[in-house]
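Participant: sequence? don't have it. structure:
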């Protein structure tokens, strides 16, 4: 599978079948915490990066392979910003015609200032935009967007989307120690959220390998401060354990590469999902991974993470 991966265990969406509509890494932000590494260069062009008919054909194929009980959500979550794919609205509507499974879109929300993007995402059951800052200064420090993507434009776009959107809106706040977990930063975020009127707010932690080595999750005091300031509507989303689907590829190595290109995995996660195979098979597949030149191991938080070789992380 080139565009579809999983189902993977999700902290918010349980068993999520991922739909990736853009090449790694196509984004207009360069977030310090991004698990896919740094964005080089920053991209803001909307186009069909892959043929939408090919993406839809893979979705049909994987839905036919899996029992509906094996999937909780179909999630558009790109190797960067999924709304940069010009046909995302068409794809969402085609998927809704194929299945009763709910559709989610995980996005940075930077293109919501454009009416056509807001209209394209209207068919989704839930949209999860990013709101890590309540001020232009913190926004620039943590999300590092293209210069023309201002904080005011981001907030105005999110507000306009909320006014038009009839589905559920679950903004995500990724907390980074020393950047947006202070009392002042959190109160600014709370004020921005009041303008959006979300259905829920997800407080997330950078538990996967961040692009910048210095990024750390908040301590318990920072988490308590965040829940107190953001209020009852906010909940901390803790990491989850679960099984990754390794179907859809000829070899285990290909299946693993397909996942870690979008969802870096800890060493112990890979060992756990391979435990069902014989030691000889596991050794062969891990050797293939190590010698393929398509993967790398990144050290973060004292843990080894397997990621795609093309992803860029600070040393």
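Facilitator: Great, that's in hand. Keep in mind the model is a prediction, meaning the values are calculated, not measured.
Participant: name the helices or strands packed onto the host helix or strand of residue 289?
Facilitator: Element membership for residue 289, per DSSP states H and E: helix 279-291. Secondary-structure packing of helix 279-291 (3 or more C-beta pairs under 8 Å, 6 or more residues apart in numbering; DSSP states H and E): helix 252-260. Bear in mind the C-beta positions are built from the backbone N, C-alpha and C, glycine included.
Participant: now do the helix it packs on against helix 279-291, angle only.
Facilitator: On the basis of axes from the mean of the first three to the mean of the last three C-alpha atoms, to 10 degrees, helix 252-260 is oriented at 60 degrees to helix 279-291.
Participant: so for stretch 138-155, what's the average pLDDT?
Facilitator: Mean pLDDT, stretch 138-155: 97.
Participant: measure it end to end?
Facilitator: 14 Å (C-alpha to C-alpha, to the nearest Å).
Participant: buried ones in the helix holding residue 289?
Facilitator: 282, 285-286, 288-289 (16 or more other C-beta atoms under 10 Å).
Participant: which parts of stretch 33-53 are buried?
Facilitator: Quick answer for stretch 33-53 (16+ other C-beta under 10 Å): 33-39, 42-44, 46, 49-50, 52.
Participant: so what's the residue lying closest to residue 113 once chain neighbours are set aside up against?
Facilitator: Spatial nearest neighbour of residue 113, chain neighbours left out: residue 157 (3.7 Å); criterion: C-beta to C-beta, 6 or more residues apart in numbering. Taking C-beta atoms under 8 Å, 6 or more residues apart in numbering, we find residue 157 in contact with 109-114, 118.
Participant: which of the residues you listed are buried?
Facilitator: 109-113, 118.
Participant: ok, of those residues, which one's closest to residue 17?
Facilitator: Residue 17 lies nearest to residue 109 out of the buried ones among the contacts of residue 157, by C-beta to C-beta, at 22.2 Å.
Participant: so the closest one sits right up against residue 154, yeah?
Facilitator: Yes: contact criterion C-beta atoms under 8 Å: residue 109 and residue 154 qualify, at 6.4 Å.
Participant: need the buried ones among the contacts of residue 157 in JSON lines with secondary structure, distance to residue 10 and pLDDT, can you?
Facilitator: Shown next, in JSON lines, are these (DSSP: H, G, I helix; E, B strand; the rest coil; distance: C-beta to C-beta, whole Å; pLDDT from 0 to 100):
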{"residue": "109", "secondary structure": "coil", "distance to residue 10": "19", "pLDDT": "98"}
{"residue": "110", "secondary structure": "coil", "distance to residue 10": "22", "pLDDT": "98"}
{"residue": "111", "secondary structure": "coil", "distance to residue 10": "23", "pLDDT": "98"}
{"residue": "112", "secondary structure": "coil", "distance to residue 10": "23", "pLDDT": "98"}
{"residue": "113", "secondary structure": "coil", "distance to residue 10": "28", "pLDDT": "98"}
{"residue": "118", "secondary structure": "helix", "distance to residue 10": "24", "pLDDT": "98"}
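Participant: quick one: which of those is nearest to residue 144?
Facilitator: Nearest to residue 144 among the buried ones among the contacts of residue 157, with distances taken as C-beta to C-beta, is residue 110, at 11.9 Å.
Participant: that closest one against residue 144, yeah?
Facilitator: No: Residue 110 lies out of contact with residue 144 (C-beta under 8 Å); the separation is 11.9 Å.
Participant: which neighbours do the two share?
Facilitator: Common neighbours of residue 110 and residue 144 (C-beta under 8 Å, 6+ apart) are residue 29.
Participant: the closest residue to residue 264 other than its chain neighbours bridge partners, please.
Facilitator: Closest residue to residue 264 apart from its sequence neighbours, by C-beta to C-beta, 6+ apart: residue 307 at 4.2 Å. Judged by DSSP bridges, the bridge partners of residue 307 are residue 296.
Participant: and the buried ones among the contacts of residue 157, which two are furthest apart?
Facilitator: It's 110 and 118 that sit farthest apart of the buried ones among the contacts of residue 157, by C-beta to C-beta, at 12.3 Å.
Participant: which strands and helices sit next to the helix or strand encompassing residue 54?
Facilitator: Here residue 54 sits within helix 52-65, counting by DSSP H and E. Other elements packing on helix 52-65 under the criterion 3+ C-beta pairs under 8 Å, 6+ apart are strand 4-10, strand 14-19, helix 88-98.
Participant: after the longest one, which helix or strand is next?
Facilitator: Pointing back at helix 88-98 there. Following helix 88-98 toward the C-terminus (DSSP H and E): strand 103-107.
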